[in-house]
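Peer 1: my questions are about this predicted structure, shown below with the sequence.
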Amino acid sequence: MGDARQIIANRAAQELETGMTVNLGIGIPSLIPNYLDPSTRVFFHSENGLLGFGPAPRVNPDWALSNAAGYPVSIVKGASYFDSTTSFGMIRSGRIDLAILGSLQVSCNGDLANWIVPGKRVPGVGGAMELAYGAKRLIALMQHCEKNGQPKIVTTCTLPLTATRCVRRIITEMAVFDIDENGLTLAELMPGFTVADIRNHTEADFALSDKLNAMHHD
């Protein structure tokens, strides 16, 4: 399967359903089209004004035809191009079924911090703030811990927030969490990991899904 980023992207691709309009953020989310089941027909949306793109071309990429991160993409039948004003209008008016964004931290109540590490240069927050509230559902993708081992799923975000109480699902290389009004629930373990592993690498408290709770007590 490859490294953690590829594992996360592959799992996230399973969240997509035929008929959806889906916005993919930069970073790990941009890998998702490479793992999408060919039978699943979705329209990928990009803030720079593109609806209906596919995986990165294998040969002769057109760098003028890119996603929001500036990487070349392929085009699917029925695709359309438009300006960024129209693109953000689609987001703000609730026409995006699912947004999948990379993240730096997510809190137990769904706060999202994904745009800046203080002291580092960044181009700006981009469309993340609009997507956090405009999309019908938001999934955050990230590696479970920092390079120094610090958990990224936290009780309270310490990095500047993008938006509050917006994340509904978190996918890492270790686990899948759901977030609702009751807080954080461990919904799924990725292959090779145990509940104990997740507790040891997650700052925030979490409950177990009914399925995991039954398995854990067998």
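Peer 2: Thanks, I have the structure now. Numbering: from 1, shown residues only.

Peer 1: quick check: I7 touching E173?
Peer 2: Yes - under the contact definition of CB atoms under 8 Å, I7 touches E173, with a separation of 4.7 Å. Placement of C-beta: from N, CA and C, glycine included.

Peer 1: can you classify P29 by secondary structure?
Peer 2: Of the three states, P29 takes helix under DSSP: H, G, I helix; E, B strand; the rest coil.

Peer 1: check the gap between it and I198 for me.
Peer 2: P29 sits at a distance of 22 Å from I198 (criterion: CB to CB, to the nearest Å).

Peer 1: neighbour count winner among the two?
Peer 2: Higher neighbour count among P29 and I198: P29, with 26 against 22, using other CB atoms under 10 Å.

Peer 1: these two touch, right, that one and A9?
Peer 2: Yes - assessed by CB under 8 Å, P29 is found in contact with A9 at 7.4 Å.

Peer 1: now for these two: what residues contact both?
Peer 2: Common contact partners of P29 and A9 (CB atoms under 8 Å, 6 or more residues apart in numbering): L141.

Peer 1: leaving out chain neighbours, which residue sits closest to T158?
Peer 2: Q105 (7.0 Å; CB to CB, 6 or more residues apart in numbering).

Peer 1: that neighbour reaches W115, doesn't it?
Peer 2: No - Q105 is beyond contact range of W115, at 10.9 Å (criterion: CB under 8 Å).

Peer 1: ok, those two, which is more surrounded?
Peer 2: More neighbours surround Q105 than the other of Q105 and W115, with 25 against 21 (other CB under 10 Å).

Peer 1: returning to what we had before: how about the residue nearest to T158, what does it touch?
Peer 2: Residues L112, A113, N114, K152, I153, V154, C157, T158, L159 are the ones in contact with Q105 under the rule CB under 8 Å, 6+ apart.

Peer 1: quick one: it from G126, how far?
Peer 2: 17 Å.

Peer 1: do D205 as well
Peer 2: Per CB to CB, D205 is found 31 Å from G126.

Peer 1: of the two, who's got more company?
Peer 2: Residue environment comparison for D205 versus G126 gives the larger neighbour count to G126, 19 against 10, counting by other CB under 10 Å.

Peer 1: what about the more buried one, which SS state?
Peer 2: Assigned by three-state DSSP, the conformation of G126 is coil.

Peer 1: could I get the helix or strand bottoming out on mean pLDDT in the chain in CSV with only the CA atoms?
Peer 2: The helix or strand with the lowest mean pLDDT-type score in the chain, counting by mean pLDDT, DSSP states H and E, is helix 210-216 (a mean of 83). This file holds the C-alpha atoms of helix 210-216, laid out as CSV (Å, rounded to 0.1, in the frame of the first residue of the first chain):
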residue,chain,number,x,y,z
ASP,A,210,-20.8,-0.2,19.4
LYS,A,211,-19.0,-2.5,17.0
LEU,A,212,-15.5,-1.9,18.6
ASN,A,213,-17.0,-2.0,22.1
ALA,A,214,-18.4,-5.5,21.5
MET,A,215,-15.2,-6.7,20.0
HIS,A,216,-13.1,-5.2,22.8
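
Peer 1: which helices and strands sit right next to that helix?
Peer 2: Contacts defined by 3 or more CB pairs under 8 Å, 6 or more residues apart in numbering; DSSP states H and E place helix 210-216 against strand 183-189.
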